[in-house]
Structure formats: C-alpha cells, structure tokens
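K.L.:
requesting a structural model of the entry that follows:
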Amino acid sequence: MNLARRIRIAGISIVSVLCLGSLGFVWLENYTWIEAVYMTVITVSTVGFGEVRPLSEEGMMFTALLVVSSLGTFTFAVTAVSQFFLEGDYRERVRNKRIKRIMKAMDQHVIVCGYGRVGEKAVEELQDHGTDVVVIESDPELVKALQKKGLHVLSGDATRDENLINAGLDRARAVITTLPDDAQNLYVVLAVRERRKAILIISRASQLNAVSKLRVAGAHNVIMPDQVGGAHMASLVAIPDVVEFLDHIRIQGGDEVNLEEVEVQQLPESLRSLTLGEIDARNRIGVNVIGLRRANGEMVINPSPKTELHETMKLFVLGDAKQIRSLNEYLGIQTPA
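P.N.:
Predicted structure coming up:
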C-alpha cells in the first residue's frame, strides 16, 4: 500500500471514529452534539479532562470500547503522517509541483520518452547543443536520481496522454520516444501525432517489422539501435579511417570539431539572396559549408560556391567550436549559452 493511500485511509478512519463516538454519546447519554463531539475528542486523544457529565454504566462501557478502538486508528494515522514528512514523500510532491511549474514555462523544448541507454544518450546530445529537454520516465527511483542531477523529469507512463501534455507537448518542438517496447513507442507516436499534426517525432524500434508501422503512425524517423550498431561495427572493418573520422565529428565535439546546421531564414535579410561564394564563410571564418538541404528534402553534398541561397534551405557547416561561434556572430544568429 503506498503512503498516500495510507494517509487517506487514516483520515477516513479518524473521521469515522469521531462520528461513531459522537453518535454513541448522544444516544446513550443524551448529550448535545457539541458535548458529544467534545467528549469523543478528549476520550480518543486520552487528554483526561474529565467527563462533561457523570456517565452511566452503559456510557462507561462505551467510553472504554471507544478508547481501545481508537488507539490503533490514531497510531496508524500518526505513523502514516510521520512517514509522509520523514521519508521524503512530501518533499517529492513539492519537487514534482515545482518541476511542473517549470515545464509550463518551457517552450520549443524536446520531450524524451524513456531514460534507458538510448534515451540517456539522446538527452546528453540535446543538452550539448543547448536544447531544453523534458524526460518522461516510469521508474520512480530513476526519476528521483535524475531530478537530483537537475534534469527536468516527469514521473509517469509516457503512453498516457496526460503525461505528454504535462511535459509541455503543446509547446514542444520535437518528441523522441526511446521505450524498449515497439508497441509502447507506437502508442506514443499515435498520441503525439493526434494532438500535434506537424511536430517532429523520432522513434526507436526493436523489430524490423515495426519500422513501417511507426512511420505510418506519424514518426518522421525510426532508428533501430541494434541495426545501426551492427552496421557501424562492420564499417569499422571495411572503411575504418572514414568511420573514425565521422565518429570524431559526431561524438567528439567540444572544442575540436562541430557539425552544425544553419537555417537560411535565420540569416540577416541582406545575406539571404547571396550565393555561398559571396558569403565566403571559408576565407572569412574558417568553416566549410559541406552540404545543404532544399525545401523538397533534396540533399546537396559539397554545394558549389555559385549556389544561390533560399529562405527554405538549411546549410550544414563544419568547423571547431570557436569557428562556429564566429560564424553565428557573423550571421547574426544567437547561440545557446
């Protein structure tokens, strides 16, 4: 039995004892209701103030039974309340309320469903890029540990609509569901897509036959960690130097190297109609524009300097952390602190 339920039961038991006690004194001793309630309180609390009026033998017997029956009730109630304050349940409730207030103020964050190995890595990568993250996790002990680390974690089942809403689904920019069960991930994708038609959804899949179902349900991307890991290990044998170089870009990060995306619509209006050669990011700052994505989804690798920019494009630039910061300053883009 959880602590909150024990407290509710204790409260109901105390009220029941007070009602039955008061009713007994009214019936047996002809007390007024005020006198009966007063007599019941001083009897069950054993303060010993004395009777309102001398009791009959029936009243004495009833009083004795009332004292005996109330001892267990009050002991149970005191124990439950003490545990509520001393064992952290009260602090946890206060912490959860504070987290919910913080979540209500968050905007354009990413919701990560599940904090297993995949979810943990997703959160780390998002935080490295300065993105606000809200985690929905069902393991209470893990939730406590993550909250102590300062993560915004909501305790509950990610497949329940109310938990997604409490995590700020209506204001989120993306949802990543990394639950170990494909059926649960499918339910999350369906629930999110029903409420948010255009939000970015990325899902984990364990079985190959779940990939198409998740895509049909509304996931933009479906990742199979085992398949990706196996292909990665095979590539380390076939083309080891290339893979290590890409891993260095993707994983190492920090001050050594960064691969970032820049939306053309973020640029100052005076730069949006220029070509890549006219921006001259390589000579001015040191970064390389290694690719771009057009509005229709077409990917262009190593675009020509004559490529004209368009507001719907995204540029992929490679450089170290200092160069990326300089690029953002040059283009007038605010970077995460």
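K.L.:
beta partners for the spatially most central residue of the chain?
P.N.:
The residue lying closest to the centre of the chain (CA atoms, centre = their mean) is V135, at 2.6 Å. Using DSSP bridges, the beta-bridge partners of V135 come out as V112, V153.
K.L.:
my read is that it contacts A122, right?
P.N.:
No - at 9.4 Å, V135 does not count as touching A122 under the criterion of CB atoms under 8 Å. Every C-beta, even on glycine, is put in place using the N, C-alpha and C of the backbone.
K.L.:
what touches both of these two?
P.N.:
V112 (CB atoms under 8 Å, 6 or more residues apart in numbering).
K.L.:
tell me where this structure has strands.
P.N.:
Assigned strands in the chain, in chain order: 110-113, 133-137, 152-155, 174-177, 200-204, 221-223, 258-263, 288-293, 299-301, 314-319 (criterion: DSSP state E).
K.L.:
I figured S203 hits V192, correct?
P.N.:
No - assessed by CB under 8 Å, S203 is found out of contact with V192, at 9.7 Å.
K.L.:
would you map out the domains in this structure?
P.N.:
3-86, 91-229, 239-331 (automatic domain parsing).
K.L.:
out of these, deepest packed?
P.N.:
Among those, domain 91-229 has the highest mean neighbour count (mean count of other CB atoms under 10 Å), at a mean of 17.
K.L.:
report the distance from that domain to the chain centre.
P.N.:
6 Å (CA atoms, centre = their mean, to the nearest Å).
K.L.:
all numbers from here: first residue = 869
P.N.:
Got it, first residue is 869 now, which makes that one domain 959-1097.
K.L.:
now do that domain, average pLDDT.
P.N.:
Domain 959-1097 carries an average pLDDT of 89.
K.L.:
which stretches of the stretch 1069-1205 of the chain form helices?
P.N.:
1077-1085, 1093-1106, 1108-1115, 1144-1147, 1149-1152, 1189-1199 (DSSP state H, counting those that start in this stretch).
K.L.:
do I have it right that I1169 meets R1161?
P.N.:
No - using CB under 8 Å, I1169 is not in contact with R1161, being 10.6 Å away.
K.L.:
test my guess that H1088 contacts A1066.
P.N.:
No - between H1088 and A1066 there is no contact under CB under 8 Å: 10.2 Å.
K.L.:
do you know the pLDDT at the closest residue to V894 other than its chain neighbours?
P.N.:
Computed as CB to CB, 6 or more residues apart in numbering, the closest residue to V894 that is not its neighbour in sequence is A904, at 4.7 Å. Here, the pLDDT recorded for A904 equals 83.
K.L.:
and if you look at the one 3 residues further on?
P.N.:
Model confidence at M907, given as pLDDT, is 80.
K.L.:
measure it to V1003 for me?
P.N.:
In this view, M907 and V1003 are 54 Å apart by CB to CB, to the nearest Å.
K.L.:
same check on R1150?
P.N.:
39 Å.
K.L.:
for D1050, same thing?
P.N.:
Taken as CB to CB, the span from D1050 to V1003 is 20 Å.
K.L.:
what's the answer for L891, then?
P.N.:
L891 sits 52 Å away from V1003, going by CB to CB.
K.L.:
again, but for D1029
P.N.:
17 Å.
K.L.:
quick one, what contacts D1050?
P.N.:
Per CB under 8 Å, 6+ apart, neighbours of D1050: A1073, S1074, Q1075, A1078, K1081, L1082.
K.L.:
for it, which non-adjacent residue is spatially closest?
P.N.:
In space, D1050 is closest to A1078, 3.9 Å off (CB to CB, 6+ apart).
K.L.:
quick one: the helices in the stretch 869-1018 of the chain?
P.N.:
871-897, 901-912, 925-954, 957-973, 985-996, 1008-1016.
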